[in-house]
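>>> A structural model of the following input is requested.
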Amino acid sequence: MDPAQIIAYGLYLLTGYLIGSINFAVLVAKNHGVNILEEGSGNPGATNVKRVLGKGAGNLVFGLDVFKGVLGTFLPFFLIWCLNTRVEGRLDDFTKVLNDPNTDSIFITSFVATLIGHCYSVFLGFKGGKGIASTIGGLAIILPIPILVGVVVWVIAFYNTKYVSVASMLLGVSLPITCWVVNASNTLIIFATVLAFFNLWNHRTNIQRLQEGTESRFGSHKK
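You can find the predicted model right below:
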């Protein structure tokens with residue numbers, strides 16, 4: 001990897017991380033006069049916002065987090081592409097570059113940085129949400145078919161269990177399975193597998209509460 005590529009990947013990581021670190025749950029709740037870090041479960045994510053402030057605010061945060069996943073995954077690549085065309089004085093076929101197998105590694109780099117930013121935001125003392133909505137947005141760019149299947153799995157699991165955590169974990173587990181079924185590249189299968197394990201790790205406290213029988217179903221309220 002030459003110096004120019006190292007610099008480019010550094011920019012992918014930095015841009016993705018900073019975009020991911022913007023926490024819309026905190027911003028939306030603050031607009032309602034609420035510190036979401038001190039309400040409900042204390043988690044700065046769409047689910048907790050929906051519990052505390054209602055469906056409207058919760059759905060807004062979810063949509064913004066999905067958009068953040070798309071933006072953090074795609075924008076760094078697009079900016080570097082624009083910069084390269086200016087510096088080199090030529091305009092590469094964007095569709096050709098987009099379909100280049102090497103582009104997968106760029107999207108994965110930016111996506112991972114965005115997800116880390118969301119879960120460990122520099123603006124929140126390296127705390128954050130679970131990253132499910134941002135994962136959906138980013139994977140719409142990298143793994144469109146597996147994430148579509150994953151969303152279906154999430155909906156079925158959620159409406160049958162009312163556990164957001166269970167639905168989210170099953171979504172993650174479905175990703176590498178679907179990648180294998182659709183004969184995706186080894187790079188994408190490995191990426192999806194790592195992502196599934198990261199998702200389970202990020203839900204470790206939920207798993208513990210499920211084992212103890214103290215995990216809250218959506219719509220229920222703790223006394």
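
>>> Could you list the buried residues of whichever helix or strand G58 is part of?
Taking DSSP states H and E as the criterion, G58 maps to helix 55-88. Neighbour counts over helix 55-88 (16 or more other C-beta atoms under 10 Å) mark 57-58, 60-62, 64-66, 68-77, 80-81 as buried. Using the backbone N, CA and C atoms, a C-beta is placed for each residue, glycine as well.

>>> For stretch 130-145, buried residues please.
Buried residues in stretch 130-145, counted by 16+ other C-beta under 10 Å: 130-143.

>>> just checking, next helix/strand downstream of the helix or strand containing L171?
L171 is part of helix 164-181, with elements assigned from DSSP H and E. Following helix 164-181 in sequence order, the next helix or strand is helix 186-202 (DSSP H and E).

>>> What about V181, how many residues nearby?
12 (other C-beta atoms under 10 Å).

>>> now it: how far from T114?
To T114, V181 is 26 Å away according to C-beta to C-beta, to the nearest Å.

>>> Ok, P144 next?
17 Å.

>>> Tell me how many other residues surround V122.
12.

>>> Excluding chain neighbours, what is closest to it?
S21 (5.0 Å; C-beta to C-beta, 6 or more residues apart in numbering).

>>> Spit out the contact partners of the one you found.
Neighbour list for S21: G117, H118, S121, V122, F123, L124, G128 [criterion: C-beta atoms under 8 Å, 6 or more residues apart in numbering].
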